[in-house]
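Q: Have a look at this prediction, sequence included:
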Amino acid sequence: MNGLVLSRRWNPVPVDGLPRGIVVVGYSGTASSRDAALAQADSADARCRIALVMAIEPPRSPRSDTFLHDELKSEAYLLSDGAIVDEQLRHGRELVARRTTAAVTSEAIVADPVRALVGAAARHRATAVVVGMRRTRPTVQVRRIARELPDGVDLFATDGLHHVRLATRSSVSERRRSPILRPVAGPAGA
């Protein structure tokens, strides 16, 4: 499989196996998140909706070493950080919109990535969440997302070419809550 090494627990899913419907895509502006967003855009059709979600840390004012700290300087940091986030989301939204006929939205959420994606999936009533992966298998953070997602929401991790799908919590026994993969049928003749 082109040198892709996966542990026995992770099974590749064909590109046609990426989700349709309302899909939340974790987006941070990194190459892996762009690859995931573009792979989702390629598999979506006009009936789909893609929500790019960026998790951001709460803004912190820079600490001052003097009592004459300039408040305008403090607010300038907050404005520039917001502008960077807005620009990254705008760029991601435009990249995805060029590749699909699906409706594309974006939002920044002040929270850690797990809470941001889980909250967005519940708020959008998503059928799936798609995240990027840098290596040949999902990271610990991706597995944390899988454990926290609401029942009925699938999690896909992709590097843009190879995709893995993690099972939802409802398919896992209550004693063993770690995410597992379930096979996804490929297209006929594959």
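A: Yep, that arrived.

Q: List the contacts of the residue lying closest to residue 159 once chain neighbours are set aside.
A: Nearest residue to residue 159, sequence neighbours excluded (CB to CB, 6 or more residues apart in numbering): residue 133, at 5.4 Å. Every C-beta, even on glycine, is put in place using the N, C-alpha and C of the backbone. Counting by CB atoms under 8 Å, 6 or more residues apart in numbering, residue 133 makes contact with 32, 36, 139, 142, 157, 158, 159, 164.

Q: mind checking the backbone torsions on residue 133?
A: phi -140, psi 140 (degrees, to the nearest 10).

Q: Give me the distance between it and residue 49.
A: Residue 133 sits at a distance of 23 Å from residue 49 (criterion: CB to CB, to the nearest Å).

Q: Over to residue 116?
A: Residue 116 is 18 Å from residue 49, by CB to CB.

Q: Neighbour count: these two, which is higher?
A: The residue with more neighbours, out of residue 116 and residue 49, is residue 116; 21 against 18, by other CB atoms under 10 Å.

Q: For the helix or strand where the more buried one lies, output the C-alpha coordinates as PDB.
A: In this structure, residue 116 sits in helix 113-124 according to DSSP states H and E. The C-alpha coordinates for helix 113-124 follow below in PDB (Å, rounded to 0.1, in the frame of the first residue of the first chain):
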ATOM      1  CA  PRO A 113      -8.800  21.200  20.200                       C
ATOM      2  CA  VAL A 114     -10.700  18.300  21.800                       C
ATOM      3  CA  ARG A 115     -13.300  20.400  23.500                       C
ATOM      4  CA  ALA A 116     -13.600  22.700  20.400                       C
ATOM      5  CA  LEU A 117     -14.300  19.900  18.000                       C
ATOM      6  CA  VAL A 118     -16.600  18.000  20.300                       C
ATOM      7  CA  GLY A 119     -18.600  21.100  21.000                       C
ATOM      8  CA  ALA A 120     -18.700  22.100  17.300                       C
ATOM      9  CA  ALA A 121     -19.900  18.600  16.300                       C
ATOM     10  CA  ALA A 122     -22.700  18.800  18.900                       C
ATOM     11  CA  ARG A 123     -23.700  22.300  17.900                       C
ATOM     12  CA  HIS A 124     -23.700  21.700  14.200                       C
END
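
Q: Quick one: residues in contact with that helix.
A: Contacts for helix 113-124 (CB under 8 Å, 6+ apart): 22, 24, 26, 28, 49, 51, 53-55, 107, 109, 111, 126, 129, 131, 141, 144-145, 148-150, 153.

Q: ok, and for that helix, which residues are buried?
A: 113, 114, 116, 117, 118, 119, 120, 121, 124 (16 or more other CB atoms under 10 Å).

Q: From the contact counts, what lies against the next helix or strand after it?
A: Downstream of helix 113-124, the next assigned helix or strand under DSSP H and E is strand 128-132. Here strand 128-132 touches strand 22-26, helix 31-43, helix 113-124, helix 140-148, strand 154-158, going by 3 or more CB pairs under 8 Å, 6 or more residues apart in numbering; DSSP states H and E.
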